[in-house]
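> Just need the structure, nothing else, for what follows:
(chains A, B, C and D)
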2 protein chains.
Amino acid sequence: MRDMHGTRSTTSGPFTRKLQGFEPLQEADTALVTAIEAGERHFPGGTDLIREGDRPDGMIVITGGFACRYKLRETGARQITAYLLPGDVCDLDTSTLGRMDHTIGTLSSCRVVRLTSEASERLRERPDIARALRTAALVSDATLREWLVNLGRRMAVERLAHLFCELLMRIRAVVPTQGDSFDLPITQADLADTTGMTSVHVNRSLGELRRTGLIELKGKHLTIRDLPRLIEVAEFRPDYLHLGAHALTPELWSRSASAMVSRCA
Amino acid sequence: MRDMHGTRSTTSGPFTRKLQGFEPLQEADTALVTAIEAGERHFPGGTDLIREGDRPDGMIVITGGFACRYKLRETGARQITAYLLPGDVCDLDTSTLGRMDHTIGTLSSCRVVRLTSEASERLRERPDIARALRTAALVSDATLREWLVNLGRRMAVERLAHLFCELLMRIRAVVPTQGDSFDLPITQADLADTTGMTSVHVNRSLGELRRTGLIELKGKHLTIRDLPRLIEVAEFRPDYLHLGAHALTPELWSRSASAMVSRCA
DNA sequence: CGCTAGATTGATAACTGTCAAGGGCGGTGG
DNA sequence: CCACCGCCCTTGACAGTTATCAATCTAGCG
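Numbering: from 1, shown residues only, chains lettered A, B, ... in the order given. This is a model prediction of the structure:
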């Protein structure tokens, strides 16, 4: 799992990378987690993996694509309450809670690992992995609170700016990216259901972010043209994500990634 | 802790009651929890118990009054992300996370128990208590998601209606109340910071709820005049709170409470 | 090449915020 | 006991933000 220079190999999957970002893992643990990632299955976008009211158990790991948690109103209005990005894991704690209070579904086509409660139990027997999973859960709580601030106390443009900052940081932490850009395989309607607005208003707000030179978004790829200013607009403080230095300093990533590429070429 | 009729005694505190609502407790556990409640201290309203950036540990239990979690924007805008009502407990998980990402403060004057990490560790050694605490944590997660839906996908009046429904249910679960009413010792500005609106607009929306005969609110006491219709307006589904039958059927409460009173008189 | 989901735009209405002024009520000091 | 003060609630007029409705445009795809 480490190359001849002792650098962390970019061949490890997002789940491995995510956990390592929270807690250094032994070789054995890394092997176990990587083995788990191999069990991924594919689902098209718009698939519900688990529905509100279900009584599933174990856990779900996203290894590719964008998924989300969401709730529907009786009116049909949808509110997305969390993004599940590559490397993200979510417990299906229905052993204690009974039934799901929300649905988990894919936004884009996704690669997903489904673990039985036995398998997730086995994972948690490893102290370091268990600690990493606990941290992941606390971070997703903190993220939820941050989202509440986003919806309650920020304007449309600021909400999108904040979301984009968060996504950039989270994706950088698990996938090598080029500069301040990443694939955003979701629709404007999805963004609307995330930020509590209308797709029309999302469209106009995106237009404003474009016009002011903050972002560029086309063909499901988002490029942040002026990250410092976007962070300023969003009032973004990444602390709540508990990212390691590698995610916060993109240079490290890019450099090691390009080094990888040149080594492989 | 049980009277001669085998009914749960109303003399147990809110924390005891809260945990019992999630998990039946042995006498020994009940005694332990009740003993802990005795260690309460008083704080005036508007006191920050723990500030963003602090590195506290252990946990906090609210035994009286209204407290909350909140975050501030640099503009000074405040977003309340959770209410901490009597019986509510919150972990100060900074053992894993480092520092608080939000502040915990009182809204009204409060009675609070502060537990060291050792004390909370000792609590968690009791399997039933540990399970109850886990459930409580999951419920507060679910509540956070519900709040996100509230801010993202409901109109002002609906937001307040939903909040009032939730508060009624939660308070009923830990304190004997008379009919569909309870003390709401907070200001309209607090409601605004909860629901993502302005205090002015909260005021007008409350007016509408009053005019349509749904509620009555004066002198920090809220009376719900037409609960079925309020639930309808809010589209309130109490499932996420995981309340026992005693909370959902107020009759039980009132009857046992009045029985208590007459016995004591 | 036609189809369809998604993106874009305009006109208008609805909702919510902002600013400013008054009113009520409880607490405190004289 | 009363006057005064401060905090909160209430209200009005107006501005700003966001939703709604409807049409058009675009790009990916069979």
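> What count of nearby residues applies to A:Asn150?
26 (other CB atoms under 10 Å in any protein chain shown). (Glycine included, C-beta is placed from N, CA and C.)
> And A:Leu167, by the same measure?
18.
> so how far is A:Arg78 from it?
Look at A:Leu167 and A:Arg78: by CB to CB, to the nearest Å, they are 19 Å apart.
> so what's the closest residue in space to A:Ala142 that isn't next to it in sequence up against?
Of all residues not flanking A:Ala142 in the chain, A:Tyr240 sits nearest, at 4.1 Å (CB to CB, 6 or more residues apart in numbering or on different chains). Residues near A:Tyr240 by CB atoms under 8 Å, 6 or more residues apart in numbering or on different chains: A:Val139, A:Ala142, A:Thr143, A:Arg145, A:Glu146, B:Asp101.
> Also A:Asp57?
A:Leu92, A:Thr94, A:Ser95, A:Thr116, A:Ser117.
> so the last one touches A:Thr96, yeah?
No: assessed by CB atoms under 8 Å, A:Ser117 is found out of contact with A:Thr96, at 11.7 Å.
> Can you check the pLDDT for the residue nearest to A:Ala142?
On pLDDT, A:Tyr240 comes in at 96.
> surely A:Leu107 meets A:Gly45?
Yes: contact status for A:Leu107 versus A:Gly45: in contact at 6.1 Å, counting by CB under 8 Å.
> Pull the residues that contact stretch A:164-173.
By CB under 8 Å, 6+ apart, stretch A:164-173 touches A:17-18, A:21, A:83, A:85-87, A:143, A:146, A:177, A:180, A:182, A:184, A:215, A:222, A:224, A:227, A:230-231, A:234, A:236, A:238, A:241, A:243-244, A:246-248, A:250, A:253.
> Just say helix, strand or coil for A:Cys68.
State at A:Cys68, reduced to three classes by DSSP: H, G, I helix; E, B strand; the rest coil: strand.
> Need the three-state assignment for the nearest residue to it once chain neighbours are set aside.
Distances taken as CB to CB, 6+ apart place A:Ile80 nearest to A:Cys68, at 4.8 Å, with adjacent residues excluded. Per three-state DSSP, the local secondary structure of A:Ile80 is strand.
> residues contacting A:Ile80?
Here A:Ile80 is in contact with A:Cys68, A:Arg69, A:Tyr70, A:Asp190, A:Asp193, A:Thr194 (CB under 8 Å, 6+ apart).
> What about A:Arg172, how many residues nearby?
By other CB under 10 Å, 21 other residues sit near A:Arg172.
> Could I get the phi/psi values of it?
phi -60, psi -30 (degrees, to the nearest 10).
> Let me know the closest of the contacts of A:Asp57 to DNA strand C.
Distance to DNA strand C, by CB to the nearest atom of the strand, is smallest for A:Leu92 among these, at 26.9 Å.
> So for the closest one, what's the nearest residue that isn't a sequence neighbour?
A:Pro56 (4.4 Å).
> what number of residues lie near that neighbour?
18.
> Give me the pLDDT value at it.
At A:Pro56, pLDDT is 92.
> Report the buried residues of the longest helix anywhere in chain A.
When chain A is parsed with DSSP state H, its longest helix is helix A:127-153. Across helix A:127-153, burial judged by 16 or more other CB atoms under 10 Å in any protein chain shown covers A:128-129, A:131-153.
> any chance of the contacts of A:Tyr240 in JSON lines, with pLDDT and distance to A:Glu74 too?
JSON lines is the format used below for the contacts of A:Tyr240 (pLDDT from 0 to 100; distance: CB to CB, whole Å):
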{"residue": "A:Val139", "pLDDT": "96", "distance to A:Glu74": "32"}
{"residue": "A:Ala142", "pLDDT": "97", "distance to A:Glu74": "30"}
{"residue": "A:Thr143", "pLDDT": "98", "distance to A:Glu74": "27"}
{"residue": "A:Arg145", "pLDDT": "98", "distance to A:Glu74": "26"}
{"residue": "A:Glu146", "pLDDT": "98", "distance to A:Glu74": "28"}
{"residue": "B:Asp101", "pLDDT": "95", "distance to A:Glu74": "33"}
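> got the residue ranges for the strands in chain A?
For chain A, applying DSSP state E gives strands covering A:41-43, A:48-50, A:59-64, A:67-72, A:78-84, A:89-91, A:103-106, A:110-115, A:181-183, A:215-218, A:221-224.
> Which among those strands is found nearest to DNA strand C?
Closest among the strands of chain A, using CB to the nearest atom of the strand: strand A:215-218, at 6.9 Å.
> Report all helices and strands that the closest one contacts.
Packing partners of strand A:215-218 (3 or more CB pairs under 8 Å, 6 or more residues apart in numbering or on different chains; DSSP states H and E): helix A:199-211, strand A:221-224.
> which one of those has the most crowded surroundings?
Of all those, strand A:221-224 has the most neighbours on average by mean count of other CB atoms under 10 Å in any protein chain shown, namely a mean of 17.
> follow-up on the earlier one: could you see whether DNA strand C lies near the longest helix of chain A?
No: Helix A:127-153 does not reach DNA strand C (CB under 7 Å from any atom of the strand); its nearest approach is 8.6 Å.
> try stretch A:42-51
No: using CB under 7 Å from any atom of the strand, stretch A:42-51 stays clear of DNA strand C, coming no nearer than 7.6 Å.
> And stretch A:43-62, what's buried?
A:Phe43, A:Gly45, A:Leu49, A:Ile50, A:Glu52, A:Pro56, A:Gly58, A:Met59, A:Ile60, A:Val61, A:Ile62.
> So which bits of the stretch 101-250 of chain A are right by DNA strand D?
Counting by CB under 7 Å from any atom of the strand, the stretch 101-250 of chain A sits next to DNA strand D at A:Met155, A:Ala156, A:Val157, A:Gly196, A:Met197, A:Thr198, A:Val200, A:His201, A:Ser205, A:Gly219.
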